[in-house]
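**Student:** 3D model of this:
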Amino acid sequence: MIQEDKQKEAVIILCRPEESRNVGSVCRAMKNMDIHTLRIVGKKADYDEEKVSVLSVHAFDIWQNAEFFDSITEACADCTWICGTTRRRGKNRKDWLLLPEEFADRYSKIPQGKTAIVFGNERTGLTDEELSECNSGIIIPSNGRDGSLNLSHAVQILCYTVFRTQHKISAGYTPVTQERLSKTVTTIGDNLQKMGFFSITGRPDMELFWQSILSRASISESEAKYIEKTFTKAAGLFTKQQNKDE
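**Tutor:** Numbers count the residues shown, from 1 in each chain. Here you go, the predicted model:
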């Protein structure tokens with residue numbers, strides 16, 4: 001029995017999966033990405049719990065809490081958006097298919113409610129009739145020769161896109177400002193000049209080069225200091241060698 005929940009949530013729907021081991025792998029993929037609601041179109045008795053357990057590892061509870069339904073429509077009755085995954089295009093398919101990134105962007109703008117992501121049978125995918133029960137289609141691009149992804153891999157990709165919309169993971173540091181970066185660039189220029197690297201007019205172009213490349217690299221404070229230390233030490237060694245040669 002589906003209970004109404006107004007909180008925002010992604011729900012994974014497996015439609016007629018054949019392999020118990022694949023279901024176990026799906027559970028693990030979901031839990032890795034902090035998604036916990038699994039619904040299956042099919043009968044629980046058709047699956048081997050021991051095989052599910054082996055592949056689900058720490059995520060067997062997702063299988064234990066999974067709900068079973070007779071159709072996609074029943075499984076998604078409380079969902080506000082139903083997205084069916086497919087690798088095929090055609091006149092009986094959706095008119096347009098979202099890429100995972102496009103799906104994630106739209107999902108991020110939904111304020112609340114459940115979004116269903118529906119995956120078809122491992123061998124045949126979603127039928128035209130099953131896809132017609134969905135509001136939108138999602139396609140994961142792959143090469144034309146071996147385009148069919150393993151079920152759990154497809155689930156992992158879509159779960160990851162959802163995870164990223166909910167967890168804004170930064171690089172783990174704050175890049176230096178342009179003002180601070182200018183100090184590093186000046187240090188590089190000063191030390192290269194000490195080593196006789198520039199012609200009379202060469203320094204401005206070189207500093208523009210370093211400013212551009214270090215800006216794109218988004219370096220941290222510790223990295224900026226390390227770069228300054230490296231160039232300062234190189235200039236010092238150069239000067240020391242020059243004095244020796246004299």
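
**Student:** Please parse this protein into its domains.
**Tutor:** 9-166, 178-245 (automatic domain parsing).

**Student:** Turn the ones you listed into a markdown table, columns for mean neighbour count and mean pLDDT.
**Tutor:** (Glycine included, C-beta is placed from N, CA and C.) Conversion of the domains of the chain to a markdown table gives the following (neighbours: other C-beta atoms under 10 Å; pLDDT from 0 to 100):
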| stretch | mean neighbour count | mean pLDDT |
| --- | --- | --- |
| domain 9-166 | 18 | 91 |
| domain 178-245 | 14 | 90 |
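
**Student:** In what element of secondary structure is residue 101 found?
**Tutor:** Residue 101 is located in helix 100-108, with elements delineated by DSSP states H and E.

**Student:** So which residues make contact with that helix?
**Tutor:** The contact list for helix 100-108, computed with C-beta atoms under 8 Å, 6 or more residues apart in numbering, reads 10, 81, 83, 98, 115, 136, 138, 140, 157-158, 161-162, 164-165.

**Student:** change it to 7 Å
**Tutor:** The set of residues that contact helix 100-108 without belonging to it, under C-beta atoms under 7 Å, 6 or more residues apart in numbering, is 83, 115, 138, 140, 157, 158, 161, 162, 164, 165.

**Student:** With respect to residue 213, which of those is nearest?
**Tutor:** Ranking those by separation from residue 213, with C-beta to C-beta as the measure, puts residue 164 on top at 27.6 Å.

**Student:** For residue 223, give its distance to residue 111.
**Tutor:** Distance check for residue 223 against residue 111: by C-beta to C-beta, to the nearest Å, it reads 39 Å.

**Student:** got CSV for the contacts of helix 100-108, with secondary structure too?
**Tutor:** Converted to CSV, these look like this (DSSP: H, G, I helix; E, B strand; the rest coil):
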residue, secondary structure
83, strand
115, strand
138, strand
140, coil
157, helix
158, helix
161, helix
162, helix
164, helix
165, helix
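
**Student:** Considering those residues, which is situated nearest to residue 39?
**Tutor:** In terms of C-beta to C-beta, no member of these lies closer to residue 39 than residue 115, at 12.6 Å.

**Student:** Would you check that the closest one makes contact with residue 78?
**Tutor:** No - Residue 115 sits out of contact with residue 78 when judged by C-beta atoms under 7 Å, with a separation of 11.0 Å.

**Student:** Please enumerate the helices of this structure.
**Tutor:** Under the criterion DSSP state H, helices of the chain are mapped to 20-32, 49-56, 60-64, 72-75, 100-108, 128-131, 151-166, 178-194, 203-217, 221-245.

**Student:** Columns distance to residue 40 on top of those helices, output as TSV?
**Tutor:** Shown next, in TSV, are those (distance: least, C-beta to C-beta, whole Å):
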stretch	distance to residue 40
helix 20-32	7
helix 49-56	11
helix 60-64	9
helix 72-75	8
helix 100-108	21
helix 128-131	13
helix 151-166	12
helix 178-194	53
helix 203-217	46
helix 221-245	49
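
**Student:** For residue 122, find the nearest of those helices.
**Tutor:** Shortest distance between residue 122 and the helices of the chain, using C-beta to C-beta, is found for helix 151-166: 5.1 Å.

**Student:** Who's the closest spatial neighbour of residue 239, skipping the chain neighbours?
**Tutor:** Excluding the flanking residues, the one nearest residue 239 by C-beta to C-beta, 6 or more residues apart in numbering is residue 194, at 6.6 Å.

**Student:** actually residue 120, sorry about that
**Tutor:** Leaving out its chain neighbours, the residue that sits closest to residue 120 by C-beta to C-beta, 6+ apart is residue 126, at 3.5 Å.

**Student:** got the contact list for that neighbour?
**Tutor:** Contacts for residue 126 (C-beta under 7 Å, 6+ apart) come out as 15, 84, 86, 118, 120.
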